[in-house]
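Trainee: Provided below are the primary sequence and the corresponding predicted coordinates.
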Amino acid sequence: MWGLKSNSESEANCLFSPPMKKLKASNGKSTATHLKKIVDRSCPFYKKIPGTPFTVDAFRYGSIKGCSAYFLTHFHYDHYGGLGKRWSHGPIYCSPLTARLVRMCLLVNPSYIHPLELNTEHVIDGVKVTLLEANHCPGAALIHFRLQDGQCYLHTGDFRASRLMQSYPLLVNHRVNVLYLDTTYCNPKYKFPSKEDVLNYVVRVTKNCLKKQPKTLVVVGAYSIGKESVFLAISKALGVKIYANASRRRVLQSFDWPELSGNLCTQGNDTLLHVLPMSSLKFEIYSLLFSQDPEGLLEALRKSVCSSIGISANRLDLLRDCGQPTGSH
Ligand SMILES: [Zn+2]
């Protein structure tokens, strides 16, 4: 069981001591690198849920002493890093969609994977655990822990706040004693529109673009998962299929979302809507986008995008950055 206060202290000590000058590497020399390696392997206190033997998104620290259940909020590398086919440190709890991805993409032994349905109270080691929709990438969950002594803890993982969350009964009816807030934009200067507003905007821009240039190729850049709502909204609004490469199609089909699976296609030439790895949208293209040089942009796009996705260059008339934050935080 982790204790909130004492645990914080011991972890803080672990992070900052022993002093660097006293540390000896195996070759007998003091090295900052060696210390860094040791420090990096220590699980920080904020990944441990006090009063429980649980950790959240803590897979890169090997076997964590005293941990009997490893929770995963969602399938993004900075959260699941450390998980792989050799994982053997204990049971992993996550949403069913995330569980499928962990099994399929990371080849984790299925005997370690325990999917938990959302909005359902599960009792694990005497603790009531409920996963709630996080409005981030598919499968992402907020994790609510209610201990036997009544203490409630909420670990958000990455999430995008929405009005709907204010009506989650578990959050409305129970005071949260400690909130573990994992956020990239926790500053009032960031004021994002709702996801719905962003999607409407993207659809509107795309339609306008197609009205002017009917042969426009619409490209959505995406990392592993997290931009599905963007290309699905465009696909539905235009009534067009979505082209993605085979490995992405496999991931998307594992979501078990009929409206997405039913709209995928295998040939780039069959649709004007393509999903590309973000890495395919090269630096030169971004530079040109920001330099407002449509001729140079077109040429760069023809050279790098067309060759990488195998379509004829004359289908590519214009690409315009919609300039809206389509991120999921
Ligand atoms: Zn994330």
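Mentor: Yes, it's here.

Trainee: ok, so what distance separates the residue lying closest to Cys137 once chain neighbours are set aside from the ion?
Mentor: Sequence neighbours aside, Gly226 is the residue nearest to Cys137 in space, at 3.9 Å (criterion: C-beta to C-beta, 6 or more residues apart in numbering). Backbone N, C-alpha and C define where each C-beta goes, glycine included. To the ion, Gly226 is 7 Å away according to C-beta to the ion, to the nearest Å.

Trainee: Please tell me I have it right and Gly226 contacts Asn135.
Mentor: No. Gly226 is not in contact with Asn135 according to C-beta atoms under 8 Å; the separation is 11.5 Å.

Trainee: returning to that earlier point: what about the residue nearest to Cys137, how many neighbours?
Mentor: 20 (other C-beta atoms under 10 Å).

Trainee: Tell me who's in contact with it.
Mentor: Contacts for Gly226 were tallied using C-beta atoms under 8 Å, 6 or more residues apart in numbering; they are His76, His136, Cys137, Pro138, Ser328.

Trainee: what's the closest of those to Lys236?
Mentor: The nearest member of the contacts of Gly226 to Lys236, counting by C-beta to C-beta, is Pro138 at 16.3 Å.

Trainee: wouldn't that closest one be in contact with Leu97 here?
Mentor: Yes. Counting by C-beta under 8 Å, Pro138 does reach Leu97; the two are 5.6 Å apart.

Trainee: Identify the contacts common to those two.
Mentor: Phe255.

Trainee: Let me see the ranges of the helices in the stretch 101-250 of the chain.
Mentor: Counting by DSSP state H, counting those that start in this stretch, the stretch 101-250 of the chain has helices at residues 169-173, 195-212, 228-238, 246-254.

Trainee: on that earlier part again, of the contacts of Gly226, which are in range of the ion?
Mentor: His76 (C-beta under 5 Å from the ion).

Trainee: which one among the contacts of Gly226 gets closest to the ion?
Mentor: His76 (3.5 Å; C-beta to the ion).

Trainee: just to revisit the earlier point, which one, of the helices of the stretch 101-250 of the chain, ends up nearest to the ion?
Mentor: Nearest to the ion among the helices of the stretch 101-250 of the chain is helix 228-238 (13.2 Å), distances taken as C-beta to the ion.

Trainee: The closest one: how far from the chain's middle?
Mentor: Computed by C-alpha atoms, centre = their mean, to the nearest Å, the chain-centroid distance of helix 228-238 equals 19 Å.

Trainee: again with stretch 76-84
Mentor: 10 Å.

Trainee: How about residues contacting it?
Mentor: 57, 59-62, 72-73, 92, 102, 106-108, 137, 157-158, 224-226.

Trainee: And that stretch, end to end?
Mentor: Stretch 76-84 has an end-to-end distance of 13 Å (C-alpha to C-alpha, to the nearest Å).

Trainee: Stretch 209-225 now?
Mentor: With C-alpha to C-alpha as the measure, the ends of stretch 209-225 fall 26 Å from one another.

Trainee: The closest residue to the ion within the stretch 151-300 of the chain: neighbour count?
Mentor: Of all residues in the stretch 151-300 of the chain, the one sitting closest to the ion is Asp158 (3.5 Å; C-beta to the ion). Counted with other C-beta under 10 Å, residues neighbouring Asp158 total 23.
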